[in-house]
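3D, please:
(one chain, ligands or ions: 2)
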Amino acid sequence: MGIQVSMTDEELGGPERMVADGFASPEECQILTHLTKMTSVEGDGYKKSSSPHTTAEHFQGMTLGRTGLMVHNKLIEKEVLELILDLTSHCRDYLERYFNLLTPLYFSFTHLVCRTARPEKAANRSSLDMSHEVHVDNCILQNDGDCLRVPPAYVFRDYSAILYLNQEFEGGEFIFTHDQTGSSYESIIKPKCGRMVGFSAGPKNPHGVLPVHKGSRCAIGMWFTHDKRFKEVERTMVETLLRKLQNEEM
Ligand SMILES: O=C(O)CCC(=O)C(=O)O
Ligand SMILES: [Fe+2]
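Ligands and ions are numbered 1, 2, ... in the order given. Here you go, the predicted model:
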């Protein structure tokens, strides 16, 4: 399946951003949406908070570690885990080439996430009640426009990408904004199966997610680093698990 770039940095209104389609087939999206909806845990990967951003939505998350545990316990097939690793690696390789990076990108975190509107909260929801408030992935945005590169910000994140898994929901558009107020969008991206948005993780790229008004919005969030010290431990663990299972089959 071919990849098509559908929006360049110029069309997206700022530098070091891109949107491309074709990273997952409808069948692959369906398998992973189902997995995330059915087996993820409220707040997993979000410091156990079931509503880290807005109480008008449920947040369900699934880390690679939890997926590996489920494969180990024979609750899901290993092919599902292989699929997650294959699709996300393809996204990473594509971004490295697209942005002409001279040093490799390592995964620092991979997260399958569904955001589901709570119907009982929909009627009174303010349009300012974002699904994910405007932020920068590797620093803490200040009111004066400064971005502090200090913990608890994930200062080691260099690039970010989101691979979308579905489109059967209302709202939930991804926005790039001019600053942290989010008052002016530079671009708006409608999620759909197989679409990836990729961008550098620093202050050039403030972004957020508009309210999900109806249904579940599922995606794989990926964060990358150039610094080997922050490589995703859970990815290494599940790769070892899969090698072990493949050897047992031989
Ligand atoms: O799901 C999305 O489209 C973006 C999420 C995001 O920006 C984040 O988790 O840091
Ligand atoms: Fe983000």
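
quick one, what contacts the closest residue to Ser200 other than its chain neighbours?
Spatial nearest neighbour of Ser200, excluding adjacent residues (CB to CB, 6 or more residues apart in numbering): Glu16 at 3.9 Å. C-beta coordinates here come from the backbone N, C-alpha and C atoms, glycine included. Residues near Glu16 by CB atoms under 8 Å, 6 or more residues apart in numbering: Asp9, Phe99, Phe199, Ser200, Lys204, Asn205.

which bits of this protein sit near ligand 1?
His132, Asp137, Ile162, Phe174, His207, Val209, Ala219, Gly221 (CB under 6 Å from any ligand atom).

Now name the helix or strand holding the third one.
What that stands for is Ile162. Under the criterion of DSSP states H and E, Ile162 resides in strand 159-164.

what lines up beside that strand in the sheet?
Strand pairing for strand 159-164, using DSSP bridges, gives strand 196-200 (antiparallel), strand 212-225 (antiparallel).

Now the element after that strand, going C-ward?
In N-to-C order, the element after strand 159-164 by DSSP H and E is strand 169-171.

which element follows that next one toward the C-terminus?
strand 174-177.

if you average pLDDT over that next one, what comes out?
Per-region confidence: strand 174-177 scores 96 on mean pLDDT.

Show me the shaky parts of the protein.
Along the chain, segments meeting pLDDT under 70 span 1, 40-51.

Dig out what the spatially most central residue of it forms beta bridges with.
With distances taken as CA atoms, centre = their mean, Gly221 lies nearest the centre of the chain, 1.5 Å away. Here Gly221 sits in beta bridges with His111, Ile162, going by DSSP bridges.
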